[in-house]
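*Asks:* how would this look folded up:
(chains A and B)
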Protein chains: 2
Amino acid sequence: MTEFGLISKIRTAFPDLPEGCEGIGDDCAILPQRDGMQTLVSTDMLVEGTHFLLRDIAARDLGWKSAAVNISDIAAMGGYPKASFLSLALPPSVSESWAEEFIAGYRDISLRYGCPLMGGDTTRSPERLCINVAVLGEAPQGSARKRSDARSGDLVCVSGPLGDSAAGLDVILSGCSRGELEQQLVNRHYRPTPRVETGLMLASWSEVHAMMDISDGIGSDLRHILDASKLSARIDCARLPLSDHLLAYCSRRGLDPLKFALSGGEDYELLFTASPSARARIEQEGLHVIGELLPSDSCGQILWEGGSMPDYKGYTHF
Amino acid sequence: MTEFGLISKIRTAFPDLPEGCEGIGDDCAILPQRDGMQTLVSTDMLVEGTHFLLRDIAARDLGWKSAAVNISDIAAMGGYPKASFLSLALPPSVSESWAEEFIAGYRDISLRYGCPLMGGDTTRSPERLCINVAVLGEAPQGSARKRSDARSGDLVCVSGPLGDSAAGLDVILSGCSRGELEQQLVNRHYRPTPRVETGLMLASWSEVHAMMDISDGIGSDLRHILDASKLSARIDCARLPLSDHLLAYCSRRGLDPLKFALSGGEDYELLFTASPSARARIEQEGLHVIGELLPSDSCGQILWEGGSMPDYKGYTHF
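*Replies:* Sure thing, here's the model as predicted:
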């Protein structure tokens, strides 16, 4: 069974949600409040050996990243984070000082985003470290942007450069020596910056329709929007924003930067769609138009102009 | 480092919460809403090999129990559950049909309490099954009962029989043959019934002060109330409610029922304190007065009259 197969079974088991609620199928669940606001909830589990290796990531970075991935989900709906809840199953191999460093990194990002840790659970694990974070956020009623909100003719846009995190992972896995350039890419992998402020801005624009964060890679994530909105897309690969760090690293090592940008995950930039009338506004804000949405007759297809994704599979944890 | 040592470090790292918020230190966190209600949040992680063994528990029971322990935390504050979020890290040893049965059990309890699963995460685990559940609940502003709300002179009360779950665990671990009696006790261990309706009723009584659920055992849990409220207690062991099943099982096997009632965890009954003026009302509802709270000069002490707890340690997962 694949990850998405199990999620689909769970979704089928819970068909009827209370009015105004949105459950499985987006970055966050949505629960209406009585006061004109919506509660947003995101949760993610990170398992040693599946998502990270303890020998590769510093405790402080892992603390940051554990909260970051969920804060990014709140950003992806156009909300702001309010509180987080941390569950930790610690194996005997994890020392007290490791745990303290982890909490310090978790605190770093919590302070950065004004999102205090308000509860959780700590327990023992026989072998592997397991981390679960749940983040509660909020957005004004009706302002949370869903994957299913995209419209035919919309521009496809991203908030920042793609591929840096995947190149950072390449640095880590290749074990190559790390100059300042390599370290910058590694930092993008270990210390992603959720785009909360950008998400809030975009959610205040009526021209912005669908939104999500790029966690699995642009190809896989864009497909979620297309599936939910029953549309196709054309992407101009020459317009994918690539950082100078990525270009320099790839040039130095004879690698294809487009491969990182197209198939690499964990950038945590925002992927959104907007009316063509918003193009000037989007570009003024330093955001990037990379393509457009097409009608549904070729449902779910992505035309990658100027690039190809032959061996692209995206991240799947099953 | 103990579980409580780590929690204390985390608490120190997040000293300042927004106004009206309550964080670590109770069954649930409390976040105020703008509409006169409070959001309650509870989260728990269950790890294979620490909290359960796959060969001992049916998938459907584990699905039920995973949600039950968090719904019970909402009940313990006097709230009602609104939605749950399930993270699952599945090892290769877990089959598709096992996962479906787990979801069926999770659905059973979700329907029973009107608490739909609205999101989560699924991923792979190298060896061990790991489950995290977060439940969101709600209570009217100011009605959530905290551990620190107890007052000197309060009656100490429980909502139902103690020790059944621990006796059920004894049946499982001893591998003894299971008649109807033994199976009833095992069911109390695997399918605990959160006391949501009772918690809501008690939260509507002004005489009820502190409340929590009994997850680690009455000795350990009562101590949390005493620590938070800076009081002591006298417990009359002859008044601890014991079920006929527990008495029959212990009689048959030559065991001490009081040992299960005093030191066994996971009953998920409510432990609460109330003004002496509420005694008649409490007993009319079939709830049980088991002792009283004493002033703080012997802070944190529990006097167990008619019983002793020589080797009592409570559950600690570190």
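
*Asks:* just so I have it, where are all the strands in chain A?
*Replies:* A:29-32, A:37-47, A:80-90, A:117-124, A:130-140, A:155-158, A:208-213, A:232-236, A:270-274, A:288-294, A:302-305 (DSSP state E).

*Asks:* okay, those in TSV with distance to residue A:21, mean neighbour count and mean pLDDT next?
*Replies:* (Glycine included, C-beta is placed from N, CA and C.) Listed next are the strands of chain A as TSV, based on distance: least, C-beta to C-beta, whole Å; neighbours: other C-beta atoms under 10 Å in any protein chain shown; pLDDT from 0 to 100:
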stretch	distance to residue A:21	mean neighbour count	mean pLDDT
strand A:29-32	6	23	92
strand A:37-47	10	25	95
strand A:80-90	18	26	96
strand A:117-124	22	23	93
strand A:130-140	14	26	96
strand A:155-158	28	25	98
strand A:208-213	19	26	96
strand A:232-236	29	19	95
strand A:270-274	23	27	98
strand A:288-294	27	20	96
strand A:302-305	30	16	90
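
*Asks:* who in the stretch 51-200 of chain A is up against chain B?
*Replies:* A:51, A:82-83, A:85-90, A:96, A:99-100, A:103-104, A:106-107, A:110, A:116-128, A:130, A:132, A:134, A:136 (C-beta under 8 Å from any C-beta of the partner chain).

*Asks:* kindly recompute the last result at 7 Å.
*Replies:* Selection of the stretch 51-200 of chain A residues close to chain B by C-beta under 7 Å from any C-beta of the partner chain yields A:82-83, A:85, A:87, A:89, A:96, A:99-100, A:103, A:107, A:116-128, A:130, A:132, A:134, A:136.

*Asks:* how about stretch A:15-28, does it reach chain B?
*Replies:* Yes - against chain B, stretch A:15-28 shows contacts by C-beta under 7 Å from any C-beta at A:17, A:21, A:23, A:24.

*Asks:* on that earlier part again, closest to residue B:64 out of the strands of chain A?
*Replies:* Of all these, strand A:117-124 sits nearest to residue B:64, with 18.5 Å by C-beta to C-beta.

*Asks:* next, the angle from that closest one to strand A:80-90.
*Replies:* Here the directions of strand A:117-124 and strand A:80-90 differ by 10 degrees (axes from the mean of the first three to the mean of the last three C-alpha atoms, to 10 degrees).

*Asks:* CA atoms of strand A:117-124 as CSV?
*Replies:* Below are the C-alpha coordinates for strand A:117-124, written out as CSV (Å, rounded to 0.1, in the frame of the first residue of the first chain):
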residue,chain,number,x,y,z
LEU,A,117,5.3,25.3,22.2
MET,A,118,2.2,24.7,24.4
GLY,A,119,2.2,21.0,24.9
GLY,A,120,3.2,17.5,23.8
ASP,A,121,4.4,14.2,25.0
THR,A,122,7.7,12.6,25.8
THR,A,123,8.4,8.9,25.9
ARG,A,124,11.0,6.2,25.3
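
*Asks:* elements contacting that strand?
*Replies:* Helices and strands touching strand A:117-124, by 3 or more C-beta pairs under 7 Å, 6 or more residues apart in numbering or on different chains; DSSP states H and E, are strand A:80-90, helix B:3-13, strand B:37-47.

*Asks:* how distant is that strand from the center of its chain?
*Replies:* Offset of strand A:117-124 from its chain centre (C-alpha atoms, centre = their mean, to the nearest Å): 23 Å.

*Asks:* that strand pairs with which strands, and in what direction?
*Replies:* strand A:80-90 (parallel) (DSSP bridges).

*Asks:* give me the pLDDT for residue A:143.
*Replies:* Looking at residue A:143, its pLDDT stands at 89.

*Asks:* list phi and psi for it.
*Replies:* phi -90, psi -20 (degrees, to the nearest 10).

*Asks:* residues in contact with residue A:291?
*Replies:* The neighbours of residue A:291, taking C-beta atoms under 7 Å, 6 or more residues apart in numbering or on different chains as the test, are A:156, A:233, A:234, A:235, A:236.

*Asks:* now with 8 Å?
*Replies:* Counting by C-beta atoms under 8 Å, 6 or more residues apart in numbering or on different chains, residue A:291 touches A:155, A:156, A:233, A:234, A:235, A:236, A:239, A:305.

*Asks:* relative to residue B:193, how far out is residue A:215?
*Replies:* 38 Å (C-beta to C-beta, to the nearest Å).

*Asks:* same question for residue A:68.
*Replies:* Per C-beta to C-beta, residue A:68 is found 38 Å from residue B:193.

*Asks:* more crowded one of those two?
*Replies:* The neighbour comparison of residue A:68 against residue B:193 (other C-beta atoms under 10 Å in any protein chain shown) goes to residue A:68, with 28 against 19.

*Asks:* how many residues are close by the closest residue to chain B within the stretch 151-300 of chain A?
*Replies:* Using C-beta to the nearest C-beta, the single residue of the stretch 151-300 of chain A nearest to chain B is residue A:215, 11.2 Å away. By the criterion of other C-beta under 10 Å, residue A:215 has 22 neighbours.

*Asks:* quick one: list the elements packing against the element among helices and strands of chain A having the smallest mean pLDDT.
*Replies:* Lowest on mean pLDDT, DSSP states H and E among the helices and strands of chain A sits helix A:3-13, with a mean of 79. Applying 3 or more C-beta pairs under 8 Å, 6 or more residues apart in numbering or on different chains; DSSP states H and E, we find helix A:3-13 packed against strand B:80-90, helix B:96-112, strand B:117-124.

*Asks:* give me the contact list for that helix.
*Replies:* With C-beta under 8 Å, 6+ apart, helix A:3-13 has contacts from A:1, A:23-25, A:316-318, B:86, B:88, B:90, B:99-100, B:103-104, B:106-107, B:117, B:120, B:122-123.

*Asks:* recalculate using a threshold of 10 Å.
*Replies:* A:1-2, A:23-25, A:224, A:315-318, B:86, B:88, B:90, B:96, B:99-100, B:102-104, B:106-107, B:110-111, B:116-117, B:119-124 (C-beta atoms under 10 Å, 6 or more residues apart in numbering or on different chains).

*Asks:* flag every buried residue along that helix.
*Replies:* Using 16 or more other C-beta atoms under 10 Å in any protein chain shown as the test for burial, helix A:3-13 gives A:3, A:6, A:7, A:10, A:13.
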